[in-house]
Each structure stands twice: as structure tokens, then as C-alpha cells.
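> Build me a model:
(one chain, ligands or ions: 1)
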Amino acid sequence: MSALLKVCGATSTADVALLTGHGADLVGLWHGIPGGRAELSLPAAVELAAATRAAGAEPILVTFSKDVAVLRAVLAETGIRWVQLHAYQLPATVAGLHAALPGALTVVKVLHLRGGTFLERPLVAAYERAGTDLFLLDTLTDDGQVGSTGQALDAGDALAVADRLDRPFLLAGGLSATNRGDYDAVVAHRHYAGIDVDTSARDDAGRFAAGAVGAIAAAWHTARYRKEVA
Ligand SMILES: O=C(O)c1ccccc1N[C@@H]1O[C@H](COP(=O)(O)O)[C@@H](O)[C@H]1O
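As a prediction, the model looks like this:
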């Protein structure tokens, strides 16, 4: 499987067009991130999910919610089939989602790394038994910030986590077009499935930047970029 590029936090059809036009394989749509700068209403999520699919990419619901009934309703309404649990949801949420939409979902569970400390380490086997399809390795800052930290993970720390997993993983945390070379060993790992980016896909004003997204896809040789240059 070619490595995937996910970019997080589209809020308009123009964002979706920019991201999918410059190499994004997965477009992150926020719902259930209270107060989040890219939080979408349900109608907006429906619209942006349809636009993402129409552009040949995959929408992914990014959420802090652990409410399976609510998430099931959102997934049913939007037709989104990938869900990213980016908070501290427990394995029961993963199992509940698969039970609610059997055979239909790809569930991505974030694993937080703060320096060399891997917070969910005791729960990895339970997440795998619950049916987590992919893990996502991301930075947790010293002051507790989760998501869009722009802080790079140490490649050695990421590898140590990857070695404990029995599933594919996406890598996140301060990734950019210029630091691909720091992660050769991570990219070569048998479970590496791609990257997830926010900060470096944007300009100084916080808007998605076509050149930045395209440069990330090119530097990391992700799937839609590869298809376009093949
Ligand atoms: O982008 C956010 O603020 C965010 C909020 C809530 C959940 C996830 C969020 N983004 C995730 O942040 C990382 C990448 O961030 P960066 O490249 O280090 O800025 C990625 O996993 C996004 O899905």
C-alpha cells in the first residue's frame, strides 16, 4: 500500500479542493471538538465529506467524542467511513463503533507521545483487540496540548512505539516537506502507513497553502502524488 497523506481541519469546499488538488489522500473533518477552530456543523460535515469523495479522496471524521451513539449518527448522516479518535477514548469506544457499523469503518486511534513517554502503552493490546485499524502517533506537549502541536516527534521514540504495534500506523507531529529525512527508519518500518499534517500545510495566517501541501506530498511520496507523477 502506498503511504497516505492526511491533512487536518478543512472548513470549506475551497479547502477541500486545495487539499485534494495538491495530494491529500485523506481530508480531516472536525466534529465533536468543542471550541475547535475547524469544528463543523453536521450539515457542513455532510457537504465537505461529499466534496472530498467527489474529488477522489477520503473524508475522515476527527473527533474527541467518545459517544458511540452520537458518532454513529454523524457517520450515518455524512457517509464518512474513517474516524480518528484523537483524545483519550477507551478501547470500548473503538469496539462500540465497529459494533454499530459492522464491517464499514476504519478506526484510527491516536497514541500520544510526550518526549519518550508513551501514554497509552498499557492499552495498546486492548485497542488492538477492540479492532483499531490504524494507530496515529502524535505529540503531546509538556503543557498538555493535543493536536496541531507543530512539535516534531523524535524518530527513535516513534520507532520504539511502532515496534510494539501489531497494526499499521500514521505518523504525525510537526511533519513538513523539509524533515522527511529525519524519519527514514520510521518510513521503512513494516507498519508505516503514511503521515498526518496540520501546521506545515498552512501559511502564516493559518490558511491552507497549496504549495506547502504539494511539497509535503512530494517529499513524502504519498499515494495521490505518486499516482500523479507515475
Ligand atoms: O489540528 C488540531 O488542532 C487538532 C485538533 C484536534 C484533533 C486533532 C488535531 N490535529 C492533529 O494534529 C496532528 C498534526 O499536527 P501538526 O502537524 O503537528 O500541527 C495531526 O494528527 C492532526 O490530525
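> which residues does residue 51 contact?
Remark: with contacts taken as C-beta atoms under 8 Å, 6 or more residues apart in numbering, residue 51 is in contact with 13, 16-17. No exception for glycine: its C-beta is placed from N, CA and C like everyone else's.
> my bad, residue 132
Taking C-beta under 8 Å, 6+ apart as the definition of contact, the neighbours of residue 132 are 91, 94, 107-109, 167.
> ok, the residue lying closest to residue 95 once chain neighbours are set aside to residue 13 distance?
Closest residue to residue 95 apart from its sequence neighbours, by C-beta to C-beta, 6 or more residues apart in numbering: residue 130 at 4.1 Å. Counting by C-beta to C-beta, to the nearest Å, the separation of residue 130 from residue 13 is 34 Å.
> what does residue 108 give?
24 Å.
> These two: which is more packed in?
Using other C-beta atoms under 10 Å, the more surrounded residue of residue 108 and residue 13 is residue 108, with 27 against 16.
> all strands of the protein, in order?
Along the chain, the stretches classed as strands by DSSP state E are 4-8, 26-30, 58-63, 82-85, 106-114, 117-118, 134-139, 169-171, 192-197.
> As TSV, the ones you listed with distance to residue 217 and mean pLDDT would be great.
Output for the strands of the chain, formatted as TSV (distance: least, C-beta to C-beta, whole Å; pLDDT from 0 to 100):
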stretch	distance to residue 217	mean pLDDT
strand 4-8	5	97
strand 26-30	12	98
strand 58-63	15	98
strand 82-85	18	98
strand 106-114	19	97
strand 117-118	28	90
strand 134-139	18	96
strand 169-171	14	98
strand 192-197	10	98
